[in-house]
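Chemist: Please work out how this folds:
(one chain, ligands or ions: 1)
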Amino acid sequence: MKNCDLSTIITALGGRQALQDLLGVGPSAVSNYLARGTLPQRALGPVCEAVRARGYHIDPASLEIIGHQDAGAGAGRGMREGMRGGMRGGMLRRVLLIVGGGIAAYKALEVARRLQDHDITVTGVMTGGAQQFITPLSLSALTGEKAYTDLFSLTDEAEMGHIRLARETDLVLVVPATANLMARAAHGLADDLATTILLATTAPVMIAPAMNQAMWGHPATQENLARLRARGILTIGPDDGGMACGEEGTGRLSDPQEIVAAVLDQLGRGDGALSGRHALVTSGPTVEPIDPVRFIANRSSGKQGHAIAAALARQGARVTLVSGPVTLPPPPAVDLVEVETARQMLAACEAALPADIAVCAAAVADWHVADAGASKMKKQEGAPPPALALTENPDILKTLSTHADRPRLVVGFAAETESLYENAAAKLGRKGCDWIVANQVAGDEGDTVFGSDSNAAMLLTGNESENWPRMPKAEIADRLASRIGAHFT
Ligand code: PMT
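Modeler: This next block holds a predicted model:
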């Protein structure tokens, strides 16, 4: 692995997707490289070549970009500083911009341009109606990326595929969201590329409605809006004022600058309480091999830890999420590092330091099998079952709490079956963390916190404690993230 300023290299390559395509890897591999600040050895040749092809001078030994052919090598330093200054934390984000067919479509071009000022890569998708107002060429010229229009295009499917388009983004943004597009999305239609993406995406969706005031006020549109909101779709606007059709009322597209600000907030790049902070979060179970086919694990789903990572990102933090194997999609706007064992989790956490905040929500196995075999253990006829010798795993929370590079705020979790407060308070002292979130393993109705969508918790901050009643894990996460935000302001 080669240490380098990967954020600068990615910008020079034209974005994260370009690096993925070049190396034939997925977004999580790039997140891993970014978290570690390294590239695998096999990537060095192709990366240098691709960066040079885009006109940059690169030192193959240090992987330092030392200028652009249009600026001369001497301009390198200034260029790098400029690139870094614009990146605010070195995080490149991707927005899929769906342009709907309304008179406000031309304003989507301004949104696309302004998003790029914040180092956000924008890929455009246009409905048939949108193409009556602006052309794919103008959108693609502004984004520097292909503008997609067709659900059944063989070329597009070979290049990207509509499912990949829908998935490989941090946010789907619809500008303008017309009454027709909202109705089709609300009813789950998938009759063009835009609506298919809205159905297939696992990323957050934000819509900026714009239409005639009577259409906006119509009960059908309001019902569709309520449906979309109930599904978690975020909305910005519409505003009041004069419209292109000459009427006055509610229905104007929000100002492009406001749309961009809402996107930045959603991507954790706005002026949130944790802007400029780096948060490290552990989540999920660890999996400790017995042999190549068997393992010791636990029932953690990662729902609580992942929700905390997303909530901290919404507060503006740059988040590194170190997770054991889970089936959840990566939360938007966080850098995910996937691990299996406790030892790998510790290594990934230490590699992610320095951090301002650490939240250890993972259910880490306390032991691993001392001699995990390289070949499958065989059942011997008549022989007693094999005994597994266990060795203690490193304590990640304790290691971070006593680390030379200790995060300023270290928050642990305690999953307890009884005496919640007493056990959690003892754990707080033993582990050396600042706060602890205690949750009962089984609730009064026999439900368990592991895997469930809700949780009830007690936050212990030194000598004080507060009870949080049962609520969705996302709300527990928001409460914790706001408490952390308040601690840093
Ligand atoms: O993932 P979900 O299904 O949403 O469930 C959420 C959860 C129950 C896993 C979560 O809310 C939770 O309580 N996580 C901590 C579970 C746990 O292992 O608790 P513990 O009491 O064994 O450990 C105490 C603390 O030390 C935890 O912060 C844990 O991450 C940390 N630890 C434990 C052992 C170890 N070797 N290293 C650690 O860092």
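
Chemist: which residues in the stretch 351-489 of the chain form helices?
Modeler: Along the stretch 351-489 of the chain, the stretches classed as helices by DSSP state H, counting those that start in this stretch are 396-401, 420-431, 473-487.

Chemist: residues in contact with the last one?
Modeler: Helix 473-487 is contacted by residues 272-274, 279, 303-304, 307-308, 310-312, 314-315, 357, 359, 409, 411, 437, 452-455, 457, 459, 461, 468 when judged by Cβ atoms under 8 Å, 6 or more residues apart in numbering. Yep, even glycine has a C-beta here, placed from its N, CA and C like the rest.

Chemist: coming back round to it: buried deepest among the helices of the stretch 351-489 of the chain, which one?
Modeler: helix 396-401 (a mean of 21; mean count of other Cβ atoms under 10 Å).

Chemist: Dump the C-alpha coordinates for that helix into CSV.
Modeler: Extracted C-alpha coordinates of helix 396-401, given in CSV (Å, rounded to 0.1, in the frame of the first residue of the first chain):
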residue,chain,number,x,y,z
ILE,A,396,-11.3,-1.1,21.2
LEU,A,397,-13.2,1.4,23.4
LYS,A,398,-10.5,1.2,26.2
THR,A,399,-7.7,1.5,23.6
LEU,A,400,-9.2,4.6,22.1
SER,A,401,-9.9,6.1,25.6
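
Chemist: what comes up buried for stretch 197-204?
Modeler: Of all the residues in stretch 197-204, those buried under the rule 16 or more other Cβ atoms under 10 Å are 197-198, 201, 203-204.

Chemist: Mind putting the residues you listed into a markdown table with pLDDT?
Modeler: Formatted as a markdown table, the buried residues of stretch 197-204 follow (pLDDT from 0 to 100):
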| residue | pLDDT |
| --- | --- |
| 197 | 96 |
| 198 | 97 |
| 201 | 93 |
| 203 | 90 |
| 204 | 90 |
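
Chemist: farthest-separated two in those?
Modeler: 197 and 204 (13.1 Å; Cβ to Cβ).

Chemist: shared neighbours of the two, which are they?
Modeler: residue 172.

Chemist: For residue 219, state which of the buried residues of stretch 197-204 is nearest.
Modeler: residue 198 (22.1 Å).

Chemist: ok, back up a step: need the helices of the stretch 351-489 of the chain in JSON lines with distance to residue 339, can you?
Modeler: Formatted as JSON lines, the helices of the stretch 351-489 of the chain follow (distance: least, Cβ to Cβ, whole Å):
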{"stretch": "helix 396-401", "distance to residue 339": "11"}
{"stretch": "helix 420-431", "distance to residue 339": "20"}
{"stretch": "helix 473-487", "distance to residue 339": "21"}
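
Chemist: Just tell me which of the ones you listed ends up closest to the ligand.
Modeler: Using Cβ to the nearest ligand atom as the measure, helix 396-401 is the one of those that comes nearest the ligand, at 3.3 Å.

Chemist: what's that closest one packed up against?
Modeler: On a contact count with 3 or more Cβ pairs under 8 Å, 6 or more residues apart in numbering; DSSP states H and E, helix 396-401 meets helix 342-352, strand 357-360, strand 409-416, helix 420-431.

Chemist: CSV for those, including distance to the ligand and mean pLDDT?
Modeler: Shown next, in CSV, are those (distance: least, Cβ to the nearest ligand atom, whole Å; pLDDT from 0 to 100):
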stretch, distance to the ligand, mean pLDDT
helix 342-352, 5, 97
strand 357-360, 4, 98
strand 409-416, 4, 97
helix 420-431, 6, 95
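
Chemist: I'd like to know which of the ones you listed is closest to residue 24.
Modeler: When the helices and strands packed on helix 396-401 are ranked by proximity to residue 24 (Cβ to Cβ), helix 342-352 comes first, at 22.8 Å.

Chemist: The closest one packs against which elements?
Modeler: Partner elements for helix 342-352 (3+ Cβ pairs under 8 Å, 6+ apart): helix 27-36, strand 278-283, strand 318-323, strand 335-338, helix 396-401.

Chemist: For those, give me a markdown table that also has mean pLDDT.
Modeler: Listed next are these as a markdown table, based on pLDDT from 0 to 100:
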| stretch | mean pLDDT |
| --- | --- |
| helix 27-36 | 72 |
| strand 278-283 | 97 |
| strand 318-323 | 94 |
| strand 335-338 | 92 |
| helix 396-401 | 98 |
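
Chemist: Those into TSV, with extra columns for distance to residue 177?
Modeler: What follows is those, written out as TSV (distance: least, Cβ to Cβ, whole Å):
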stretch	distance to residue 177
helix 27-36	26
strand 278-283	32
strand 318-323	28
strand 335-338	29
helix 396-401	43
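
Chemist: Can you pull the domain assignment for the protein?
Modeler: 6-88, 94-267, 278-487 (automatic domain parsing).

Chemist: least trustworthy helix or strand in the protein by mean pLDDT?
Modeler: helix 76-87 (a mean of 32; mean pLDDT, DSSP states H and E).

Chemist: After that helix, which helix or strand is next?
Modeler: Going down the chain from helix 76-87, the next helix or strand is strand 93-99, by DSSP states H and E.

Chemist: and that following strand, what does it pack onto?
Modeler: For strand 93-99, the packing partners by 3+ Cβ pairs under 8 Å, 6+ apart come out as helix 105-116, strand 120-126, helix 136-143, strand 171-177, helix 193-200.

Chemist: most neighbours per residue, which of the ones you listed?
Modeler: The most buried one of the helices and strands packed on strand 93-99 (mean count of other Cβ under 10 Å) is strand 171-177, showing a mean of 28.

Chemist: Relative to that one, what are the paired strands and their orientations?
Modeler: In the sheet, strand 171-177 lines up against strand 93-99 (parallel), strand 205-209 (parallel) (DSSP bridges).

Chemist: next one: the shortest one to chain centre, how far?
Modeler: For strand 205-209, the separation from the chain centroid amounts to 19 Å (computed by Cα atoms, centre = their mean, to the nearest Å).

Chemist: Mind listing residues that contact that strand?
Modeler: Residues outside strand 205-209 that contact it (Cβ under 8 Å, 6+ apart) are 171-179, 182, 185, 198, 216, 225, 228, 232-238, 251, 253-254, 259, 262-263, 266.

Chemist: Quick check: next helix or strand after that strand?
Modeler: helix 213-217.

Chemist: which stretches of the stretch 351-489 of the chain aren't confidently modelled?
Modeler: 444-446 (pLDDT under 70).

Chemist: For the ligand, which of the helices and strands packed on helix 342-352 is the nearest?
Modeler: Among the helices and strands packed on helix 342-352, helix 396-401 sits nearest to the ligand (Cβ to the nearest ligand atom), with 3.3 Å.

Chemist: Please enumerate residues in contact with the closest one?
Modeler: Outside helix 396-401, the residues touching it (Cβ under 8 Å, 6+ apart) are 280, 282, 342, 345-346, 349-350, 358, 360, 362, 364, 406-407, 410, 412, 430-433.

Chemist: filter those residues to the buried ones?
Modeler: 280, 282, 342, 345-346, 349, 358, 360, 362, 364, 406-407, 410, 412, 431-433.

Chemist: could you redo the helices and strands packed on helix 342-352 as a markdown table and give each row distance to the ligand?
Modeler: Converted to a markdown table, the helices and strands packed on helix 342-352 look like this (distance: least, Cβ to the nearest ligand atom, whole Å):
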| stretch | distance to the ligand |
| --- | --- |
| helix 27-36 | 18 |
| strand 278-283 | 6 |
| strand 318-323 | 10 |
| strand 335-338 | 15 |
| helix 396-401 | 3 |
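
Chemist: Can you report how many residues neighbour residue 221?
Modeler: Look at residue 221: counted by other Cβ atoms under 10 Å, it has 21 neighbours.

Chemist: cool, and residue 237?
Modeler: 22.

Chemist: Assign a three-state SS to the nearest residue to residue 331 once chain neighbours are set aside, would you?
Modeler: Nearest residue to residue 331, sequence neighbours excluded (Cβ to Cβ, 6 or more residues apart in numbering): residue 310, at 3.8 Å. With DSSP: H, G, I helix; E, B strand; the rest coil as the basis, residue 310 sits in helix.

Chemist: Good, wrapping up.
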